[in-house]
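Engineer: Prediction below, plus the sequence it came from.
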Amino acid sequence: MSSVLILYGTGEGQTAKIADRIATVIGERGHETTAIDVRDRPDSVALEAYDAVVVGASIHVGEHQSAVREFVAANRDALSAVPTAFYQVSLSSANEEKRAEAAGYVESFIAETGWHPDRIGQFGGALRFSEYGFLKRLMMKRIAKDLLADERDPSGDVEFTDWDAVDAFAADVAAFVEGRLGVAPDATDGPGP
């Protein structure tokens with residue numbers, strides 16, 4: 001069994017929801033997982049205390065959360081010493097025609113931070129129309145018009161996350177960590193993915 005830290009930045013909660021799902025899937029393989037929002041992490045959280053680290057960030061106005069970028073840049077050496085993964089959440093990842101744009105965000109993140117994660121995942125995010133004011137709702141409908149083509153007038157939340165892809169990513173990360181650290185999954189703690 002290994003310990004895996006899942007550290008994320010979230011704007012409207014979808015990246016946190018994905019972090020929880022990743023923690024569940026990895027946990028079902030018998031590993032100890034801890035999911036923490038980078039803004040809420042206690043000072044006592046030391047990367048050296050974990051066998052592997054997964055970092056997640058979402059895209060808002062073409063940028064990842066600055067708290068995530070700053071954390072990764074400041075801890076690049078510690079991250080390089082253990083198996084790592086990075087996942088990005090964006091509306092671009094949900095749109096077939098904009099996947100290259102989403103990949104460009106990942107490349108920019110790697111260039112800015114100097115960190116090269118072992119595994120990378122990209123997932124569609126969500127629109128929280130129920131939480132938006134009138135102007136933001138109007139703006140987000142315009143930005144996501146291609147994704148909302150099937151929705152006549154979305155007033156509730158719309159989720160674009162492919163949960164099977166999240167599960168596959170988490171299983172791949174767990175298998176990579178197991179192989180890198182020479183530990184076997186503990187099938188007694190759950191069925192696994």
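Structural biologist: Cool, got the structure. Numbers count the residues shown, from 1 in each chain.

Engineer: need the helices for this protein, in chain order.
Structural biologist: In the chain, the helices defined using DSSP state H lie at 14-28, 66-74, 76-80, 99-113, 134-143, 163-181.

Engineer: Save those as a markdown table, and put in distance to Val55, mean pLDDT and mean neighbour count too.
Structural biologist: For glycine as for every other residue, the C-beta is placed from the backbone atoms N, C-alpha and C. Converted to a markdown table, those look like this (distance: least, Cβ to Cβ, whole Å; pLDDT from 0 to 100; neighbours: other Cβ atoms under 10 Å):
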| stretch | distance to Val55 | mean pLDDT | mean neighbour count |
| --- | --- | --- | --- |
| helix 14-28 | 10 | 96 | 22 |
| helix 66-74 | 6 | 93 | 17 |
| helix 76-80 | 8 | 94 | 15 |
| helix 99-113 | 9 | 90 | 15 |
| helix 134-143 | 25 | 65 | 12 |
| helix 163-181 | 11 | 94 | 18 |
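
Engineer: Can you tell me which of those helices is nearest to Ala126?
Structural biologist: Taking Cβ to Cβ, helix 14-28 is the member of the helices of the chain nearest to Ala126, at 4.3 Å.

Engineer: From the chain's centroid, how far away is that closest one?
Structural biologist: For helix 14-28, the distance from its own C-alpha centre to the chain's C-alpha centre is 9 Å (Cα atoms, centre = their mean, to the nearest Å).

Engineer: what's the single longest strand in this protein?
Structural biologist: Under DSSP state E, the strand in the chain containing the largest number of residues is strand 52-60.

Engineer: Adjacent strands (with direction) for it?
Structural biologist: Using DSSP bridges, the strands paired with strand 52-60 in its sheet are strand 3-8 (parallel), strand 63-64 (antiparallel), strand 84-90 (parallel).

Engineer: for Asp183, what are its contacts?
Structural biologist: Not Asp; residue 183 is Val. Contacts for Val183 (Cβ atoms under 8 Å, 6 or more residues apart in numbering) come out as 1-2, 177.

Engineer: excluding its backbone neighbours, what's nearest Ala49?
Structural biologist: Here the nearest residue to Ala49 in space, its sequence neighbours aside, is Ser3; by Cβ to Cβ, 6 or more residues apart in numbering that works out to 7.1 Å.
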